[in-house]
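Participant: With the sequence up front, the predicted model follows.
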Amino acid sequence: MKSPLLTGLCAAALMAALMASLMASPALAERASVLIASPRQSFNFDQGWKMHTGDDPAAAGIAYDDAGWQKVTLPHAFNEDEAFARDIHKLSTGITWYRKTFRLPEAKADRHVFLEFQGVRQAAEVWVNGVEVGLSENGVMAFGFDITKALKSGDNVVAVRVDNDWKYRERATNTPYQWSDMNFYANYGGVNKPVRLHITGDVYQSLPLYSNLGTTGAYIWADGFDIAGASATIHAETQVHADRAMDVTYQAIVRDLDGKVVATIDGGGAALKAGETTTLSAQAKIDGLHFWSWGYGYLYTVTTVLKDASGHVIDAVDTKTGFRKTEFDHGMFRLNDRVLMLKGYAQRTTDEWPAVGVDVPPWITDFSDKLITHDNGNLVRWMHVTPSKQQVESSDRIGLLTNMPAGDSEGDPKGRRWEQRVELMRDAIIYNRNDPSIIFYESGNHGISEDHMAQMKAVRDQYDPHGGRAIGSREMLDSKIAEYGGEMLYINKSAGKPLWAHEYSRDEAARAYEDDWTPPFHKDSPDYNRNNDSMAVEDVKRWWDYYQQRPGSGDRVSAGGVKIGFTDSNSHFRGDNNYRRSGVLDAVRLPKDAWFAHRVMWGGWVNSDDPATYIIGHWNYTAGTIKPVYVFSNGDSVELFLNGKSLGHGQRSDGFLFTFPDVHFEPGGLTAVASYKNGQKSQYSLKTAGKPAKIRLTPHYGPRGFTADGDDLMLVDVEVVDKDDQRVPTAFNTIHFHLSGAAVWKGGIAQMEGPSDPAKKDSRNGVEATDLPVELGVNRVLIRATTKAGKVHLTATADGLQSAALDTESHAIAKPVGGLSTVFAEDAQPPDLSRGPTPLTPSFTPFQTTIPVASITAGSNAEDATLSHDDNEKTAWSSDGTPANAWIEYDFSQPESPCVLSLKLTGWRLRSHPIRVTLDGKTVFEGVTPKSLGYVNLPLSPATGQHLRITLTGPTEDRDAFGKIVELKNNKEAASVGADKVAAGWRLSVVEADILKPAT
């Protein structure tokens, strides 16, 4: 049966790549070792909870009657079913209680018992047996409590009171949390992340939970890398606490993915004092290593072991980690000695799905994240708040680089609100510093002061000095402290720290709207409200801006950028839906054309050198239709064939876009064939489908199958196909679903019939509906397992179509004993090694080099002329407004033959500059510079000389070329640096001038 996951791809091959279980993967988090027995035990604490919305202080008591409460498996936000059904501002808030009864294994007098919450939204008060054990308020990060003293023999009761008020204030200071923001951080309230229980002896390794416990756990890193020689020095530190004096020995055992011991590292002995907390360490050089890399999630298990004087193991902890080398210099990022241009997506950290919000099992997270790496993306910038441990561990497994924020909405607050951000960054670094996928620590979603940047860097240096991670913030272009930066929208270049775009290409399109010739017709609106085809074209144009400035283009380069929106999200919106549609996937992870556009453009570490071609849309239109055909390709030319007849070669623009402007529709086959200078070819074909005839259902499961744990999900794709089983890409039939058996219907999402109500913004978008249309022939629904194993039957019917049915069965897992389970869903998730290790060859060959400038003169304000060539985009040179003085000249130490003048001009987004460029008096360029989102690359006529002069030949005037940008004020200050300070007219104003020649 064909999978409808992605149109036009070999479905079986792609699904094999996405879902293949290469090998079992042990736990990623710090847990009791499953390899070496010790008194330490770790349990899954997610099953057997009860939940009730509404406040009742008596619910903290041990004898409270919770028989009527809803039974849930964690994670479970009380308002999960509102995801995409409501505008983010209208998500329900209030007090929600959770209770669980559990029984511990046989008690030992010298043990500790810890509860680890991976996160609760917003504030959580926790009681054990009616005794309050602690409070957590930040609504983002993990926290823990030592509950030993509150326990009793037999049954124990834990109760959690959660307050998810948008305006919740820290109790001690009455200070609100900046990141609890109605636009950016969707409020899925309750215990919305997993919970773990740990039992240790009285001498033990601590947990990485600074809040409440004040402990830091294990810290594992590598240095002394020899990438070609496959070796590095591995360091394993761990924080140890002793209730009583004891002599111990310490060692670290390193195992590879196959479970083979590759090293046993002796850390020597230590005499621990009663009540002491200390750090033990071990290190050794290890050969034959597999280095973690992009699309190569190779992970090692490091078991840190404590033994007493007689050699008995008293504590053993498994930490899953990976080893990789990083460098951040010359404007570029290097991974394992190889330059990698950053490309990927900025995604809301909630990463929600319809009707379940953030409450998804690990395989669903991997399923989603693999669609980034299989789109040839390498970086996800989680936005505003720290991603969940599940998200981070998914990135570890699949080889996806991660940008980790702490907490922010936008801005640089003072006082206690800033202190909250620093504390959250501390907690997040400690909790996630062993995860190899984290490459960047983001100190703010907006620029911060140098003093604040220094504070954040000090936190990194204290808790993760060796992890190979850069700390910075959005903007910070001229910061002396930040180790990376980059603006939200604009193109930046640097010869120093890497600058990459933090959010680019902001337009939106619902997946249902293909083009102007496919019902339901939806003409482009100029402000964020596009069809699929024009959104994909816009994404190509925006990436081309960065690609032109890629490594290899000179001394100053762009390190890359991330497009805002990987999937549609339940965050603030700009179009006529109540959710944001700027994703290249819709909310159930079905692709739009833009996904394929990026897949074509992003193949390769720097250059797009993996041959790929894609035709936008479909080939099913009414007779007489004449329309443009857009082809994405990294070829040098593209020829289009209709039913075997050539329609000629496409008009190339923006590097990857080939347009065939007036193609007459004719049923049959449409094929684009791309040719390359090296003789290679790539091609892509569309075929006209027949009339809708029947429904096809295709299920997707995790590696464990459909598991009856109350949390697992099954995805089911529903397609309308013709008599030959080809999807009909113009079908919008309403499908009637009926589910029975051991499962719960959660449904999907769609553009429902009828006009939207912009004032209400509260349409349910078909969320949880059992009547749901396909869009462009396909949709996807979610079905949740119960805690009871059994048969599941799903039928799908539609008027005039042959129906379909799906029979499956949920599988039982080992039941919790006393409310404690040793089954962890993440342990079944395989790593993705499909891209292979980092190649040892260079990732690019320079095609341009920068011509050194010996001196600079100018017609006016000559003392500032060097500001136009200082590798600092926060400074600029401007002429004085007199026409005769509007020139600047760059002198070389010897005759040169420049080929490109790369300019960033003040007012770049809204101001054009009529200029003439001369080389030793000979005109090599004359024209009006285009408006841009950063740099313009002006081709220069062949000539040789030593004096390159730029002269303004007419007055400038302002008119915004990029329309309304909601996130940026539409004034000169917001539109581009300095446009509010340098008036239009007879003023030449240069932010940066890079003069380039061909590389030899």
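Facilitator: Yes, it's here. Residues are numbered from 1 along each chain as shown.

Participant: my guess is residue 858 meets residue 867, correct?
Facilitator: No - counting by Cβ atoms under 8 Å, residue 858 stays clear of residue 867, with 10.3 Å between them. No exception for glycine: its C-beta is placed from N, CA and C like everyone else's.

Participant: Identify the contacts common to the two.
Facilitator: Taking Cβ atoms under 8 Å, 6 or more residues apart in numbering as the contact criterion, the common neighbours of residue 858 and residue 867 are residue 877.

Participant: Have a look at these two and say which one is more surrounded.
Facilitator: Between residue 858 and residue 867, residue 858 has the larger neighbour count (other Cβ atoms under 10 Å), namely 25 against 18.

Participant: If the more buried one is in a bridge, with which residues?
Facilitator: residue 888 (DSSP bridges).

Participant: quick one: low-confidence parts of the stretch 851-1000 of the chain?
Facilitator: Counting by pLDDT under 70, the stretch 851-1000 of the chain shows low-confidence ranges at 963-977.

Participant: From residue 123, how far off is residue 171?
Facilitator: Taking Cβ to Cβ, to the nearest Å as the criterion, residue 171 is separated from residue 123 by 8 Å.

Participant: no no, residue 657
Facilitator: For residue 657, the distance to residue 123 equals 50 Å [Cβ to Cβ].

Participant: Following element in sequence after the lowest-mean-pLDDT helix or strand in the chain, please.
Facilitator: Among the helical and strand segments of the chain, the one scoring lowest on mean pLDDT, DSSP states H and E is helix 11-19, with a mean of 35. Beyond helix 11-19 on the C-terminal side, the first helix or strand identified by DSSP states H and E is strand 31-32.

Participant: in its sheet, what does that next one sit against?
Facilitator: Strand 31-32 has the following sheet partners, assigned by DSSP bridges: strand 313-321 (antiparallel).

Participant: Now the strand it pairs with: buried residues?
Facilitator: Residues of strand 313-321 classed as buried under the neighbour-count rule (16 or more other Cβ atoms under 10 Å) are 314, 315, 316, 317, 318, 319, 320, 321.

Participant: now swap in stretch 986-1000 and tell me
Facilitator: The neighbour-count check on stretch 986-1000 (16+ other Cβ under 10 Å) flags 986, 987, 988, 989, 990, 991, 992, 993, 994, 995, 996, 997 as buried.

Participant: residue nearest the centroid of the protein?
Facilitator: residue 380 (2.7 Å; Cα atoms, centre = their mean).

Participant: State the distance from it to residue 566.
Facilitator: Summarising the geometry, the distance separating residue 380 from residue 566, computed by Cβ to Cβ, is 7 Å.

Participant: And stretch 223-242, end to end?
Facilitator: Taking Cα to Cα, to the nearest Å as the measure, stretch 223-242 stretches 30 Å from start to finish.

Participant: Please renumber the chain so that the first residue is 244 from this point on.
Facilitator: All right, first residue 244 from here; so that's stretch 466-485.

Participant: Give me the distance from that stretch to the chain's centre.
Facilitator: Average the C-alpha atoms of stretch 466-485, do the same for its chain, and the two points are 27 Å apart (Cα atoms, centre = their mean, to the nearest Å).

Participant: For that stretch, buried residues please.
Facilitator: By neighbour count, with 16+ other Cβ under 10 Å as the criterion, the buried positions of stretch 466-485 are 468, 470, 474-485.

Participant: what's the most distant pair in these?
Facilitator: The two members of the buried residues of stretch 466-485 with the most space between them (Cβ to Cβ) are 470 and 485, at 39.5 Å.

Participant: Pipe the buried residues of stretch 1229-1243 into JSON lines and attach distance to residue 611 and secondary structure per row.
Facilitator: Below are those laid out as JSON lines (distance: Cβ to Cβ, whole Å; DSSP: H, G, I helix; E, B strand; the rest coil):
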{"residue": "1229", "distance to residue 611": "53", "secondary structure": "coil"}
{"residue": "1230", "distance to residue 611": "49", "secondary structure": "coil"}
{"residue": "1231", "distance to residue 611": "48", "secondary structure": "coil"}
{"residue": "1232", "distance to residue 611": "45", "secondary structure": "strand"}
{"residue": "1233", "distance to residue 611": "44", "secondary structure": "strand"}
{"residue": "1234", "distance to residue 611": "39", "secondary structure": "strand"}
{"residue": "1235", "distance to residue 611": "38", "secondary structure": "strand"}
{"residue": "1236", "distance to residue 611": "43", "secondary structure": "strand"}
{"residue": "1237", "distance to residue 611": "39", "secondary structure": "strand"}
{"residue": "1238", "distance to residue 611": "44", "secondary structure": "strand"}
{"residue": "1239", "distance to residue 611": "40", "secondary structure": "strand"}
{"residue": "1240", "distance to residue 611": "44", "secondary structure": "strand"}
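
Participant: out of these, who's nearest residue 335?
Facilitator: Of all the buried residues of stretch 1229-1243, the one sitting nearest residue 335 is residue 1234; the distance, using Cβ to Cβ, is 47.7 Å.

Participant: wait, isn't the closest one in contact with residue 1121?
Facilitator: No - taking contact to mean Cβ under 8 Å, the distance of 9.7 Å between residue 1234 and residue 1121 leaves them out of contact.

Participant: Now do the shared contacts for those two.
Facilitator: Taking Cβ under 8 Å, 6+ apart as the criterion, residue 1234 and residue 1121 both touch 1149, 1221.

Participant: so where do the helices sit in the stretch 694-843 of the chain?
Facilitator: Remark: helices assigned in the stretch 694-843 of the chain by DSSP state H, counting those that start in this stretch are 775-790, 836-844.

Participant: Summarise which helices and strands the shortest one is packed against.
Facilitator: With contacts defined as 3 or more Cβ pairs under 8 Å, 6 or more residues apart in numbering; DSSP states H and E, helix 836-844 has these neighbours: helix 775-790, strand 856-858, strand 869-876.

Participant: what residues does it touch?
Facilitator: Applying Cβ under 8 Å, 6+ apart, the set of residues contacting helix 836-844 from outside is 249, 251, 586, 614, 617-620, 752, 775-776, 778-780, 782-783, 786, 790, 806, 827-828, 851, 855-857, 859-860, 875-877, 898-899.
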